[in-house]
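*Asks:* Dropping the sequence and predicted coords here.
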Amino acid sequence: MSDIEYSFTIDGQQVRFTPGETILQAALKAGIFIPHLCFHPEFRPHGSCKLCTVVVNGRTTAACTTRAMPGQDVYSDKPELNSHRRLLLQMLFVEGNHFCPGCEKSGNCQLQALAYDLEMLNPHFAHFFPKRPVDASHPDAVLDLNRCIMCELCVRASRDVDGKNVFALAGRGLDSHLVVDSKSGKLGDSTFAATDKAASVCPVGAILPKGKGFAVPIGERVYDKESIREKVVGLADTGAEP
Amino acid sequence: MSQSVGDDGLPLDQAVESILLRHQRDPACLVQILRELQDRLDYISPRTVQQLAAKLEIPITRVKSTLAFYSFLYDEPRGRYRILFSDNITDRMLGSMALYRHMLNRLKLEPGEVSADGLVSVALTSCTGMCDQGPALLVNNRAVTRLTPERIDEIIGLIRAQVPVSAWPAAYFKVEDNIRRADLLLNTEWVPGAALQTAIERGPHGVLAELKQSNLRGRGGAGFTTGIKWEAARKTPAEARWVVCNADEGEPGTFKDRVLLQSYAGSIFEGMIIAAYTIGAKRGFLYLRGEYTYLLPSLEATLADLRRRNLLGEDICGVEGFDFEIDVHVGAGAYVCGEETALIESLEGKPGRPRIRPPFPVSRGYRDQPTVVNNVETLCKVVEVMLRGGAWYKGQGTRQSTGTKILSVSGDVERPGLYEYPFGVRVAQVLEDAGAIEPRAVQISGASGTCLTRREFGRRIAFEDVPTAGSFMVFGKGRDLFEMAQNFAHFFAHESCGFCTPCRVGTSLVASILDKIGDGHGTEYEMNELAFLSQVIRSASQCGLGQASCNALTDTIQKFRGDYERRLRPIDFEPAFDLDAALGKARAITGRDDSGARLSTRVDIDQ
């Protein structure tokens, strides 16, 4: 088979792919940004945040879990889809307790960066203001569930990379919450370590290192310098893994 | 908590050991183990969680996540008598909320609160499948039907006297079949092994050919062709294959599987055995919804009978190597487990979160091996096809929807119960037969289904027109369809598994917006919000639960807009914040509730 047969289009632009890749993987490799939160290039696609929702041959689906197929006609950067994405972001903001100005992750946070990128101007809905505990029992890390967006990246990192199963998602619906593998339920009593993959994979500020605060001033952080879109596409241009 | 000898006559440690032993310390049986432990302990304490994790050699998080997922599993005490009122709209139409409040008042309890003596708690649960004989409740997972104020008072007396549920009057627990119109399925008496014998004579390929010719389609709602499903599972190379009967009948207003499980269990199991023979499975499960736990003894008895007849076990019917066994798995209160991949996750002892499809269960299902999941009614239909042949079966019903369909009819009708018709029956015919009382609307196929107005009563029940999993709820003159939509919205918010953003958050947003409208604070603004929200929830959700969660909402807004509009304020927007409600705490503290202690937020705004 010639190379050209392994291609599809996103918003009219031709994208090549390797068989087995998902639409999102192929798009990112080609330098086309599709918003996403629960996807991480080092992990198996998960498909829960739904930010990467696109229209493939007329059917709405998540780009991260849909395999690229020759000849697919994909729509992504369209006003209607971006308005859907803004709504999903607003859902994530009102579901938890996100106070960006006081958050150490501000400027490095993918949720915040995507909200800027998609021009989400306010949370729109009445906040649910859930009561969620902060767990500061671990000497090297703090677990602030107020900011958790249920992407399960820490769950997957701890299970698949660290081999520990420190985290799991429990509960149902709006009561969904992260639980920790220890008798007390506290992170400090678990086998979690600051060197774990799970310690650095959180896209928001739910898992943060202790003993280090505002080392990089606000205004000079990752997404202060360039938008998440430019950042991801820039990585693709240099040939690095997105 | 008493740690002494229980109903089973065993000391606690021994009882726990025997439960673990019965499940061979297999983490895949976690839901069953937790359920049985809770029967013994009333709830699962943190200490029990730790012990269980240690004994099953799994992370504590694995036990916690499963425990916290299922409505009927408790991680804190909920009383020795745990009362859950069925909260389907049909229960409400029969006056369930007045009975619920009556019980709470007499016991001096808030919803979900445990009495100070640890004796009792009273709360709501999703539809328990007793819509034809409601209002209904569950007490420690046992169904009580036909509630009246007198019966509620009697129950309160029994609880106060601490009479064990097993010693309560048997009449409380009587569940009627209420078969009103029997056709092919409900009229046929089960002849043990007759259908299996014809299957064996035809051979697996012959069975598949017969099923395909019959064009039998799944009765669970999706309508996938059974023959194609079985063939796919058979063709997938694998070490083992599995047969699963989906008896997690959770769709509000559906109860036909309950009757089949109660009175036609032999046919269901024989359908499973034929499936096993055809695809080459050695083991199967019947996944019974937790609300139907009361059926467990009779199902086990039927299985024992099948073993005696050599229709289960080894070398079935003398066919060498044809070995098959069936286990009954009992669910624990999670509507989403009716979705086949969530059901499989639950069978594996995990939270019932739907998997990403593909792969489909026919190639990677239970334990990642090919698995056929069929609805209860579909399996009975397999028996029919075997006995009467595919060509004959194809002549029944309509072209795309062959055979008959059982409808669970409830709501404003004189004769609620089961009605079996050939596919293609008109809605008006069902309404007439059931004695519908001035019907205003019919909600077909449950909370996730379609709402039909009087003008649409000429439509037909069939995959070509109005498909259904079997629920048929009738709303008479004067019924308020907004209340139905609001009830369903809360149902979906409660039952969302929490995996994907649009369903996890969106269903709760929809419920809270409907509450705002219901409380008289809604405006046209909220109607626009609902339209946009439902569009995104439908298109972006992971599984059918989320995708269908706004069906009733959009149908009723389109067809019964007046039921919404009469609640709306004639202004552009009113905030959700309710100043009067915010004063509630002050009223409670001061014990003052006269007119001077109340604000009306509904006056003066327009002036």
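*Replies:* Yep, it's here. Numbers count the residues shown, from 1 in each chain, chains lettered A, B, ... in the order given.
*Asks:* For the rest of this, base every contact and every neighbour count on C-alpha atoms.
*Replies:* Will do.
*Asks:* Determine the longest helix present in chain A.
*Replies:* Looking across chain A with DSSP state H, the single longest helix is helix A:79-95.
*Asks:* Could I get the buried residue list for that one?
*Replies:* Residues A:81-95 are the ones in helix A:79-95 that count as buried (16 or more other C-alpha atoms under 10 Å in any protein chain shown).
*Asks:* tell me what that helix is packed against?
*Replies:* strand A:53-56, helix A:110-117, helix B:501-518 (3 or more C-alpha pairs under 8 Å, 6 or more residues apart in numbering or on different chains; DSSP states H and E).
*Asks:* Mind doing that once more with 7 Å?
*Replies:* Using 3 or more C-alpha pairs under 7 Å, 6 or more residues apart in numbering or on different chains; DSSP states H and E, the elements in contact with helix A:79-95 are helix B:501-518.
*Asks:* can you tell me if the least confident helix or strand in chain B by mean pLDDT touches chain A.
*Replies:* Scoring the helices and strands of chain B by mean pLDDT, DSSP states H and E places helix B:579-582 at the bottom, with a mean of 82. No: using C-alpha under 7 Å from any C-alpha of the partner chain, helix B:579-582 stays clear of chain A, coming no nearer than 15.0 Å.
*Asks:* Let's verify residue B:287: helix, strand, or coil?
*Replies:* Put simply, residue B:287 is strand when judged by DSSP: H, G, I helix; E, B strand; the rest coil.
*Asks:* If it is in a bridge, with which residues?
*Replies:* residue B:246, residue B:329 (DSSP bridges).
*Asks:* tell me the centre residue of chain A?
*Replies:* residue A:37 (1.9 Å; C-alpha atoms, centre = their mean).
*Asks:* so what's it up against?
*Replies:* Contacts for residue A:37 were tallied using C-alpha atoms under 7 Å, 6 or more residues apart in numbering or on different chains; they are A:49, A:51, A:110.
*Asks:* how much space is there between it and residue B:142?
*Replies:* Computed as C-alpha to C-alpha, to the nearest Å, the residue A:37 to residue B:142 distance reads 43 Å.
*Asks:* Can you give me the domain boundaries for chain B?
*Replies:* Annotated domains of chain B cover B:12-69, B:81-176, B:181-394, B:404-479, B:485-565 [automatic domain parsing].
*Asks:* Serialize these to TSV and add fields for distance to residue A:143 and mean pLDDT.
*Replies:* Formatted as TSV, the domains of chain B follow (distance: least, C-alpha to C-alpha, whole Å; pLDDT from 0 to 100):
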stretch	distance to residue A:143	mean pLDDT
domain B:12-69	16	92
domain B:81-176	30	96
domain B:181-394	23	96
domain B:404-479	38	97
domain B:485-565	20	96
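*Asks:* what's in contact with the longest helix of chain A?
*Replies:* Outside helix A:79-95, the residues that touch it by C-alpha under 7 Å, 6+ apart are A:51, A:115, A:118, A:120, A:123-128, A:149, B:501-502, B:505, B:536.
*Asks:* Which residues belonging to the worst-scoring helix or strand of chain A on mean pLDDT are considered buried?
*Replies:* Scoring the helices and strands of chain A by mean pLDDT, DSSP H and E places helix A:228-237 at the bottom, with a mean of 81. Residues of helix A:228-237 classed as buried by neighbour count (16+ other C-alpha under 10 Å): A:228, A:229, A:230, A:231, A:232, A:233, A:236.
*Asks:* Tell me the one among the residues you listed nearest to residue B:427.
*Replies:* When the buried residues of helix A:228-237 are compared for distance to residue B:427 (C-alpha to C-alpha), residue A:229 comes out closest, at 53.1 Å.
*Asks:* Give the burial count for residue B:136, as a bare number.
*Replies:* Applying other C-alpha atoms under 10 Å in any protein chain shown, we find 27 other residues in the vicinity of residue B:136.
*Asks:* Report the separation between it and residue B:130.
*Replies:* Relative to residue B:130, and taking C-alpha to C-alpha, residue B:136 is found at 6 Å.
*Asks:* Quickly list what's touching both of those two.
*Replies:* Shared contacts of residue B:136 and residue B:130 (C-alpha under 7 Å, 6+ apart): residue B:145.
*Asks:* can you pull out the strands in chain A?
*Replies:* Ranges of strands in chain A, per DSSP state E, are A:7-10, A:13-16, A:53-56, A:59-62, A:73-75, A:134-135, A:141-144, A:167-170, A:177-180, A:207-209.
*Asks:* swap in chain B?
*Replies:* B:81-86, B:120-125, B:137-139, B:142-144, B:179-181, B:242-247, B:283-288, B:325-330, B:371-375, B:404-411, B:417-422, B:439-444, B:450-453, B:471-476.
*Asks:* Residue B:289 is in contact with residue B:329, correct?
*Replies:* No: taking contacts as C-alpha atoms under 7 Å, residue B:329 lies outside contact range of residue B:289: 8.5 Å.
*Asks:* What is the neighbour count of residue 111?
*Replies:* With no chain named, the answer covers chain A. Using other C-alpha under 10 Å: residue A:111 sits among 23 other residues.
*Asks:* please go with chain B instead
*Replies:* The local packing of residue B:111 (other C-alpha under 10 Å) involves 14 other residues.
*Asks:* Around chain B, which positions in chain A sit nearby?
*Replies:* Going by C-alpha under 7 Å from any C-alpha, the residues of chain A near chain B are A:48-50, A:53, A:60-61, A:84, A:88, A:91, A:95, A:165, A:167-174, A:176, A:179-183.
*Asks:* Any stretches of chain A with poor pLDDT?
*Replies:* For chain A, the stretches with pLDDT under 70 are A:1-4, A:236-242.
*Asks:* 80 instead?
*Replies:* A:1-4, A:234-242 (pLDDT under 80).
*Asks:* how much space between the residue nearest to residue B:298 when sequence neighbours are not counted and residue B:448?
*Replies:* With C-alpha to C-alpha, 6 or more residues apart in numbering or on different chains as the criterion, residue B:298 has its nearest non-adjacent residue at 7.5 Å, and that residue is residue B:262. Taking C-alpha to C-alpha as the measure, residue B:262 falls 25 Å from residue B:448.
*Asks:* Give me the more crowded residue out of the two.
*Replies:* Between residue B:262 and residue B:448, residue B:448 has the larger neighbour count (other C-alpha under 10 Å), namely 24 against 19.
*Asks:* what about that one, distance to chain A?
*Replies:* Using C-alpha to the nearest C-alpha, to the nearest Å, we find residue B:448 at a distance of 17 Å from chain A.
*Asks:* Could you verify my assumption that that residue touches residue B:549?
*Replies:* Yes: between residue B:448 and residue B:549 there is a contact under C-alpha under 7 Å: 5.7 Å.
*Asks:* count of neighbours near the residue lying closest to residue A:20 once chain neighbours are set aside?
*Replies:* Closest residue to residue A:20 apart from its sequence neighbours, by C-alpha to C-alpha, 6+ apart: residue A:67 at 6.5 Å. Residues within reach of residue A:67, counting by other C-alpha under 10 Å, total 18.
*Asks:* All set now, cheers.
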